[in-house]
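>>> this one's sequence-less:
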Ligand SMILES: Cc1cc2nc3c(=O)[nH]c(=O)nc-3n(C[C@H](O)[C@H](O)[C@H](O)COP(=O)(O)OP(=O)(O)OC[C@H]3O[C@@H](n4cnc5c(N)ncnc54)[C@H](O)[C@@H]3O)c2cc1C
Ligand code: SF4
Ligand code: FES
Ligand code: FES
């Protein structure tokens, strides 16, 4: 019985930095005095949906986990946690990225926009409205990532960024069905709502 | 993920010096490959030196009439640069063919060059892999090899270099510029940058520990028509089974490199020289000495057909 307790405690110590913090203040103080890089947690300040947020985080915390677990902004979803699905897409300084493959500490000083920041139930973003209008989902799990991705993707087209299917690199690009599908390939929908997603985006792209 | 400490570097030389000082330290750029591998504990750095604040995110013209691409230029910015689209379209095309819109926004030029293999056994930490744990064996050699290498590989490792951008850089005769911890810099031709696996597949490039890539230099534009054709299991957001980068001149001469087949972007002078004789002759030269398996011998036929498609497009 006591052995069992001991092993649990040990495992707890190994996996939880909080436990390490509570039993080893002396070690922590020494590390901190050697270099600021030796601290167990680091302060991170960034702007999320227009509000300045300050967190103290284990450097391992991804931007995704900081948003979901620390700021309780659970609109952003975790699908694969490896850059392969796009469910975690958020907009950082105007550009869409996978928040699962980014450390929160990489984003000190950045402006982060999540699905919660695009619109509210009473004041929907045009793309949120279009997704409802066109039924651009079934289960809805991929939807926040799809919408954040699409908002930034339309900005990329506006800025003239070419894609794999752009025919002539010297001509302006536009949001054709082919272009939108290629540019949205980083967002997988397990329910296969792609046609309706494409229709919702086309609706907004056409203005 | 194993725990690590984190800091932001303030100058290229300082970044190099900090990493050199600590055996377990690594540079962090976009993080899209390193963090992926750290989550699986395939990479276990004890200290990360974030290089994002270094002034290495510009594309500048060189005195020789080429371009210097800073190591931190994102894949998106690189592929959309008007000079790159006009004079080095093969590079713009190769970058657009890689990953996804989200990943290209975060991926950097330096990090992209150093992305590690996508061999499924390298990713599966329950399997022996000489690249992940030297001396443990190679699970791929008797396993599923459909995605793996057919030329330039070794007994100890049959993996490929998976990236797209570097295949275009190979046909463009690009040069990688670095700074070392002692402040000296060096220029490494892209063709010498990635190592063949030999009996040390864990050693993938000529970089020393702590050596920082500062940029990639393109010589003056090669002219001609530019192609990057990538064949993969789905139309987008997948690694190449085979890719072909080519720059073709009106007289039929040119340069060609293959991706997805070898430990490095695969380019051979003899293959370039055979371009006027057609795809079959080029592929015979490029893949001389190949070592295929039942699962992946299709890659050589696919390389020939992909190149034939490009040559037909160039004639039309
Ligand atoms: C789902 C998925 C699909 C993908 N598909 C493709 C694809 O189809 N084609 C393709 O080409 N790529 C693809 N990629 C890979 C992607 O292109 C790379 O992850 C990216 O380019 C790495 O760049 P980074 O800046 O994020 O590197 P990081 O992850 O930050 O770094 C990678 C490595 O380089 C080192 N490093 C970084 N910068 C420097 C520097 N300046 N000097 C020295 N060392 C440095 C780091 O220490 C690390 O070891 C895909 C990735 C994912 C996750
Ligand atoms: S091919 Fe290379 S990377 Fe793949 S299992 Fe063998 S040693 Fe590892
Ligand atoms: S959770 Fe980030 S891409 Fe899947
Ligand atoms: S709606 Fe279910 S995954 Fe897209």
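Looks like it arrived, so ask away. These figures come from a predicted structure and were not determined experimentally. Ligands and ions are numbered 1, 2, ... in the order given.
>>> Can you get me a residue count around residue A:116?
16 (other CB atoms under 10 Å in any protein chain shown). C-betas here are computed from N, CA, C, even on glycine.
>>> Find the nearest non-adjacent residue to it, please.
residue A:75 (4.9 Å; CB to CB, 6 or more residues apart in numbering or on different chains).
>>> Now do the contacts for the residue of the stretch 201-316 of chain B found nearest ligand 2.
For the stretch 201-316 of chain B, the residue closest to ligand 2 is residue B:201, as judged by CB to the nearest ligand atom, at 5.2 Å. By CB atoms under 8 Å, 6 or more residues apart in numbering or on different chains, the contact set of residue B:201 is B:130, B:131, B:134, B:154, B:156, B:157, B:159.
>>> Contact partners for the residue nearest to residue A:116?
Residue A:75 neighbours (CB under 8 Å, 6+ apart): A:114, A:115, A:116, A:144.
>>> quick one, helices of chain A?
A:2-15, A:17-23, A:25-34, A:63-65, A:115-118, A:126-134, A:143-158, A:177-183, A:194-206 (DSSP state H).
>>> tell me how far the fifth one is from the chain's mean position?
When C-alpha coordinates are averaged (CA atoms, centre = their mean, to the nearest Å), helix A:115-118 and its chain have centres 11 Å apart.
>>> touching ligand 3 at all, that helix?
No. Helix A:115-118 is not in contact with ligand 3 by CB under 6 Å from any ligand atom; minimum separation 13.9 Å.
>>> what packs against that helix?
Packing partners of helix A:115-118 (3 or more CB pairs under 8 Å, 6 or more residues apart in numbering or on different chains; DSSP states H and E): helix A:143-158.
>>> Mind doing that once more with 10 Å?
Applying 3 or more CB pairs under 10 Å, 6 or more residues apart in numbering or on different chains; DSSP states H and E, one finds that helix A:115-118 contacts strand A:42-48, strand A:89-92, helix A:126-134, helix A:143-158.
>>> buried sites along that helix?
By neighbour count with 16 or more other CB atoms under 10 Å in any protein chain shown, helix A:115-118 contains the buried residues A:115, A:116, A:117, A:118.
>>> Show me what that helix is in contact with.
By CB atoms under 10 Å, 6 or more residues apart in numbering or on different chains, the surrounding residues in contact with helix A:115-118 are A:47-51, A:67, A:71, A:73-77, A:89-91, A:111, A:124-128, A:143-148, A:151.
>>> same thing but 7 Å
With contact meaning CB atoms under 7 Å, 6 or more residues apart in numbering or on different chains, helix A:115-118 is reached by A:49, A:50, A:73, A:75, A:76, A:125, A:128, A:144, A:147, A:148, A:151.
>>> Just want the phi and psi numbers for the closest residue to ligand 1 within chain A.
Closest to ligand 1 within chain A is residue A:83: 3.2 Å, counting by CB to the nearest ligand atom. Note on residue A:83: backbone dihedrals following degrees, to the nearest 10 are phi 80, psi 10.
>>> Find me the pLDDT at it, would you?
pLDDT for residue A:83: 98.
>>> Next, count neighbours for it.
Neighbours of residue A:83 (other CB under 10 Å): 25.
>>> same thing with the one 3 residues further on?
A count of nearby residues for residue A:86, using other CB under 10 Å, gives 28.
>>> residues contacting the residue of chain A found nearest ligand 2?
Of all residues in chain A, residue A:82 sits closest to ligand 2, at 17.6 Å by CB to the nearest ligand atom. Contacts for residue A:82 (CB under 7 Å, 6+ apart) come out as A:100, B:36, B:39.
>>> element containing the second one, please.
Put plainly, it is residue B:36. Using DSSP states H and E, residue B:36 sits in helix B:34-39.
>>> Tell me if that helix is near ligand 2.
No. With CB under 6 Å from any ligand atom as the criterion, ligand 2 is not reached by helix B:34-39; the gap is at least 12.3 Å.
>>> Do I have it right that residue B:258 meets residue B:268?
No. The pair residue B:258 / residue B:268 is not scored as a contact, 9.3 Å apart, by CB atoms under 7 Å.
>>> which one of those two has more residues nearby?
Neighbour count, other CB under 10 Å: between residue B:258 and residue B:268, residue B:258 has more, with 30 against 18.
>>> Model confidence at that one, what's the number?
Looking at residue B:258, the pLDDT reads 99.
>>> what about the nearest residue to it once chain neighbours are set aside, how many residues close to it?
In this structure, residue B:258 finds its nearest non-sequential neighbour in residue B:266, 4.3 Å apart by CB to CB, 6+ apart. Using other CB under 10 Å, the number of residues around residue B:266 comes to 26.
>>> Same check on residue B:270?
12.
>>> Helix, strand, or coil at it?
helix (DSSP: H, G, I helix; E, B strand; the rest coil).
>>> give me every residue that touches it.
Neighbours of residue B:270 in contact, by CB under 7 Å, 6+ apart: residue B:285.
>>> switch to 8 Å and redo it
So residue B:270 contacts B:285, B:286, B:288 (CB under 8 Å, 6+ apart).
>>> pLDDT value on the nearest residue to residue A:181 once chain neighbours are set aside, please?
Excluding its sequence neighbours, the residue lying closest to residue A:181 (CB to CB, 6+ apart) is residue A:198, at 6.1 Å. Residue A:198 is assigned 98 on the pLDDT scale.
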